[in-house]
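> I'd like to go over a predicted model; first the sequence, then the structure.
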Amino acid sequence: MTDDSITLCTDSHDEERLTTKPKEAILTSDLATQVAELFKALSDPTRVRIISLLSHHELCVGDLAQILGMTQPAVSHQLRVLRNLRIVRGRKEGRHVYYSLMDEHIHDLFDQGLSHVRFG
């Protein structure tokens, strides 16, 4: 919370009491949906494990499947979800596609979540 926070609750709950500043902070429905989809993708333990691996190494589906003890189709399905949400990207090299995190934002988001869980 910032120093310019405002207490909004009043006994009458008049619309006039809601200042412009808090109204400007609300997300559009489209943006809120996109953020919710991102967090929904991160709510799956398998996808979080994939993200944890890709936060350290660029890996192909076969490598991920072997490390996770899953089938390649199952890993491919999870990667498709992560790719569609722009969490991971693929780089084709010959017959293989190597996956990595889309950008530092995803890496930071993962690290922050992990720190929150580990250290409260």
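Looks like it came in fine. Residues are numbered from 1 along each chain as shown.

> Flag the shaky bits of the chain, pLDDT-wise.
By pLDDT under 70, the weakly predicted segments of the chain are 1-22.

> Now do the helices in it.
The residue ranges that make up the helices of the chain, judged by DSSP state H, are 20-25, 29-41, 45-54, 61-68, 72-84, 104-119.

> for those helices, which one sits closest to G94?
Proximity of those to G94 was assessed by Cβ to Cβ; the nearest stretch is helix 61-68, lying at 12.9 Å. (C-beta placed from N, C-alpha, C; glycine too.)

> sorry, back to before: make a markdown table out of the helices of the chain and add mean neighbour count.
As requested, those are arranged in a markdown table below (neighbours: other Cβ atoms under 10 Å):
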| stretch | mean neighbour count |
| --- | --- |
| helix 20-25 | 8 |
| helix 29-41 | 12 |
| helix 45-54 | 17 |
| helix 61-68 | 16 |
| helix 72-84 | 16 |
| helix 104-119 | 12 |
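
> Could you export these as CSV, including distance to G90?
Output for these, formatted as CSV (distance: least, Cβ to Cβ, whole Å):
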stretch, distance to G90
helix 20-25, 36
helix 29-41, 16
helix 45-54, 11
helix 61-68, 9
helix 72-84, 7
helix 104-119, 14
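
> Measure how far stretch 29-49 is from the centre of its chain, please.
Offset of stretch 29-49 from its chain centre (Cα atoms, centre = their mean, to the nearest Å): 5 Å.

> L101 contacts L54, correct?
Yes. Between L101 and L54 there is a contact at 5.1 Å, judged by Cβ atoms under 8 Å.

> any common contacting residues for the two?
Taking Cβ atoms under 8 Å, 6 or more residues apart in numbering as the criterion, L101 and L54 both touch V88.

> Next, the contact list for H77, please.
For H77, no residue counts as a contact, taking Cβ under 8 Å, 6+ apart as the criterion.

> what's the burial count for D44?
A count of nearby residues for D44, using other Cβ atoms under 10 Å, gives 14.

> What residues does the closest residue to it other than its chain neighbours make contact with?
With Cβ to Cβ, 6 or more residues apart in numbering as the measure, Q78 is the residue that lies nearest to D44, at 7.4 Å, once sequence neighbours are left out. When the contact criterion is Cβ under 8 Å, 6+ apart, the partners of Q78 are D44, T46, R47, I50.

> All set now, cheers.
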